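In: quick one, structure for this:
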Amino acid sequence: MKAARWHKARDIRIEDIPEPTVGPGQVKIKVAWTGICGSDLHEYVAGPIFVPVGTPHPISQDVAPIVLGHEFSGEVTAIGEGVTRVKPGDRVVVEPILSCGHCDACNHGKYNLCDQLGFHGLSGGGGGFSSYTVVKERMVHRMPEGLSFEQGALVEPAAVALHAVRLSTLKAGGTAAVFGAGPIGLLLVEALRAAGAAAIHVVEISPERAAKARELGATTTINPLEQDPVARIRELTPGGVDVAFEVTGVSKVLQQCVDSTRYEGETIVVSIWEGEAALHPNAVVLKERTLKGTIAYRDVFPAVMDLMTRGFFQADRLVTKRIGLEDIVAEGFETLVKEKQQVKILVKPVGE
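Out: Sure, this is the predicted structure:
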């Protein structure tokens, strides 16, 4: 079968690889749609970050080149011995976290904080940029009736956003700022709206993405090239917002996020970073603010799909391009590098 495999930064190749076979406790999935994630883009531009190079990942036991793609939906085609939660023909999404199951975090149910954390489609194990993939039964969630496969491909990134909001201290009627209106930033706007935020201020350079943020429920959008985002947020919300979400991975933005919050405010860092960031600690100390990181998600996929059935995170508002696997580099990764108006690009397997 054809698959998109990461060899090194700026080197993703469409190659023929063996079709995977199902083993005990495993589920084989015929991939329907797979989204290109910001993490995939980081690997393409500046990786390796999560991709194992030189040394195999401790859970997947794979090493580059590996098949990319972790935001995907599909149909179960076969199940291994002992699988009881799904059957062939079921429409499913995959929660792609690889965790050891026995470290301290895993023992406390916080599998996304595993000491050996990895992702199916980033850390080996197969991936969604292929016709078929095999995963463990615990990673599979049945899709509700009425949810399309395109919609299913958005469950994973929407879970990142919903988990970040759940992890924050935001309460119904609270105020928030979102710095960066890429795919996760836009999904955060919807998650904040679902959580009952009274005001959502979005900081974004791209006029197209800013317009999309307003369409999805942002109260205000601010172009940081035209005005000071911190001053503008404090003008709109005296004292600052309750919670700011950093979704850019740009060094100077981290300080802006902290400065935009009120006393005892909170900044949630959602981005995966390619380098270091500078932050003056007094900005946190003198106002007793909190800085918190978040990675991926846990125990949230069913809630995301329930919100989708109620009209949140809709594919027709977020998917800006659909391509075939053979065009994934030129029309996918390179397009995302060059065209900041793109939100979510979905990829269809070869021959499907």
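
In: residue ranges of the strands in the stretch 151-300 of the chain, please?
Out: 175-179, 199-203, 220-222, 241-246, 261-269, 290-293 (DSSP state E, counting those that start in this stretch).

In: just give the nearest non-adjacent residue to residue 302, would you?
Out: Closest residue to residue 302 apart from its sequence neighbours, by CB to CB, 6 or more residues apart in numbering: residue 141 at 6.6 Å. No exception for glycine: its C-beta is placed from N, CA and C like everyone else's.

In: do the same with residue 184
Out: That would be residue 247: by CB to CB, 6+ apart, it lies 5.3 Å from residue 184.

In: could you dump the strands of the stretch 151-300 of the chain to CSV with distance to residue 349, mean neighbour count and mean pLDDT?
Out: Below are the strands of the stretch 151-300 of the chain laid out as CSV (distance: least, CB to CB, whole Å; neighbours: other CB atoms under 10 Å; pLDDT from 0 to 100):
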stretch, distance to residue 349, mean neighbour count, mean pLDDT
strand 175-179, 33, 30, 98
strand 199-203, 34, 25, 98
strand 220-222, 36, 21, 98
strand 241-246, 33, 28, 98
strand 261-269, 34, 21, 98
strand 290-293, 34, 15, 98
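
In: out of these, which is closest to residue 21?
Out: strand 290-293 (38.0 Å; CB to CB).

In: what's the spacing between the spatially most distant residue from the centre of the chain and residue 246?
Out: Note on the chain: the largest C-alpha distance from the chain mean falls to residue 286, namely 32.7 Å (CA atoms, centre = their mean). For residue 286, the distance to residue 246 equals 20 Å [CB to CB, to the nearest Å].

In: likewise residue 49?
Out: Taking CB to CB, one finds residue 49 at 17 Å from residue 246.

In: also residue 210?
Out: 17 Å.

In: might you report the residue contacts of the most centrally placed residue in the chain?
Out: Among the residues of the chain, the one closest to the centroid is residue 157, at 3.4 Å (CA atoms, centre = their mean). With CB atoms under 8 Å, 6 or more residues apart in numbering as the criterion, the residues that contact residue 157 are 35, 37, 71, 183, 184, 187, 344.

In: among those, which one sits closest to residue 110?
Out: Closest to residue 110, out of all of these and judged by CB to CB, is residue 184, at 20.5 Å.

In: need the strands of the stretch 151-300 of the chain in TSV with distance to residue 114, can you?
Out: Shown next, in TSV, are those (distance: least, CB to CB, whole Å):
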stretch	distance to residue 114
strand 175-179	27
strand 199-203	32
strand 220-222	37
strand 241-246	23
strand 261-269	19
strand 290-293	15
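
In: identify the bridge partners of residue 35.
Out: Residue 35 forms beta bridges with residue 71, residue 346, as assigned by DSSP bridges.

In: typo on my end, it should be residue 241
Out: residue 261.

In: in this protein, which spans are helices?
Out: 38-46, 104-107, 149-152, 155-167, 183-195, 207-216, 229-236, 251-259, 282-285, 301-309, 315-318, 334-338 (DSSP state H).

In: which one among the contacts of residue 157 gets closest to residue 44?
Out: For the contacts of residue 157, the nearest to residue 44 is residue 37 (10.5 Å; CB to CB).

In: and residue 105, how close does it get to residue 297?
Out: For residue 105, the distance to residue 297 equals 14 Å [CB to CB].

In: pick out whichever of these two has more residues nearby.
Out: Neighbour count, other CB atoms under 10 Å: between residue 105 and residue 297, residue 297 has more, with 25 against 17.

In: my guess is that one contacts residue 158, does it?
Out: No: using CB atoms under 8 Å, residue 297 is not in contact with residue 158, being 9.2 Å away.

In: who touches the residue nearest to residue 69 when sequence neighbours are not counted in this structure?
Out: Excluding the flanking residues, the one nearest residue 69 by CB to CB, 6+ apart is residue 128, at 3.1 Å. Contacts for residue 128 were tallied using CB under 8 Å, 6+ apart; they are 31, 34, 68, 69, 70, 71, 72, 74, 94, 121, 347.

In: what about residue 164, distance to residue 296?
Out: Taking CB to CB, one finds residue 164 at 10 Å from residue 296.

In: and the two? Which one has more around it.
Out: residue 164 (28 against 21).

In: for residue 337, which non-adjacent residue is closest in space?
Out: Here the residue nearest residue 337, using CB to CB, 6+ apart, is residue 45, at 6.7 Å.

In: report pLDDT for that neighbour.
Out: The predicted structure scores residue 45 at 93 on the pLDDT scale.

In: right, and residue 159 touches residue 297 too?
Out: Yes: shown here, residue 159 and residue 297 form a contact pair, counting by CB under 8 Å, at 4.0 Å.

In: shared neighbours, these two?
Out: With CB under 8 Å, 6+ apart, residue 159 and residue 297 have common neighbours residue 95.

In: tell me the domain boundaries of the protein?
Out: 2-154+313-348, 158-293 (automatic domain parsing).
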